[in-house]
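Chemist: below is the structure, and that's it, no one-letter string:
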């Protein structure tokens with residue numbers, strides 16, 4: 001499935017292709033409509049090796065800014081829609097949206113994850 005400069009999947013997942021030079025904290029804060037220094041936004045680093053993650057969902061809305069590497073999200077009926085993202089892309093994942101992820105290629109993924117409230121990840 002094509003993923004253009006900005007877009008939204010019918011599931012509610014949407015993305016912004018911020019491109020090189022974008023500041024992760026600024027982009028993540030903008031997704032949630034807060035200032036980058038707002039103490040209400042929780043931001044942490046995530047690193048993962050290449051491979052497939054089991055389908056899961058998150059208990060709260062989250063956003064992920066890809067710092068390095070490539071990742072694909074599988075969403076929709078039967079996880080049949082595949083959306084690929086790379087460094088500079090920011091993805092918003094609504095709470096409780098079932099999705100799969102694959103870290104593509106041989107390089108690990110480095111991302112910054114943000115949420116306005118603490119969340120859990122649950123298997124689906």
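Modeler: Received it, and whenever you're ready, just let me know what you need. Because the structure is a prediction, the values reported are computed rather than measured. Residues are numbered from 1 along each chain as shown.
Chemist: for residue 70, what are its contacts?
Modeler: Counting by CB atoms under 8 Å, 6 or more residues apart in numbering, residue 70 touches 84, 85, 86, 87, 103, 104, 105, 107, 109. Where you see a C-beta, it was placed from the backbone N, CA and C, and this is true even at glycine.
Chemist: closest one to residue 50 out of those, please.
Modeler: residue 103 (4.8 Å; CB to CB).
Chemist: what about the nearest residue to that closest one once chain neighbours are set aside, how many neighbours?
Modeler: Once flanking residues are discounted, residue 103 sits nearest to residue 109: 4.4 Å by CB to CB, 6 or more residues apart in numbering. Residue 109 sits with 25 neighbouring residues when counted by other CB atoms under 10 Å.
Chemist: what is the burial count for residue 118?
Modeler: Residue 118: 8 neighbours (other CB under 10 Å).
Chemist: the helix or strand of the chain with the lowest mean pLDDT packs against which elements?
Modeler: The weakest-scoring helix or strand in the chain, judged by mean pLDDT, DSSP states H and E, is helix 24-32 (a mean of 89). The contact analysis (3 or more CB pairs under 8 Å, 6 or more residues apart in numbering; DSSP states H and E) places helix 24-32 against strand 42-48, strand 62-68, strand 89-93, strand 109-115.
Chemist: how about TSV for these, with distance to residue 55 added?
Modeler: Below are the helices and strands packed on helix 24-32 laid out as TSV (distance: least, CB to CB, whole Å):
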stretch	distance to residue 55
strand 42-48	15
strand 62-68	16
strand 89-93	13
strand 109-115	17
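Chemist: residue 63 contacts residue 116, correct?
Modeler: No. With contact defined as CB atoms under 8 Å, residue 63 does not reach residue 116; the gap is 9.7 Å.
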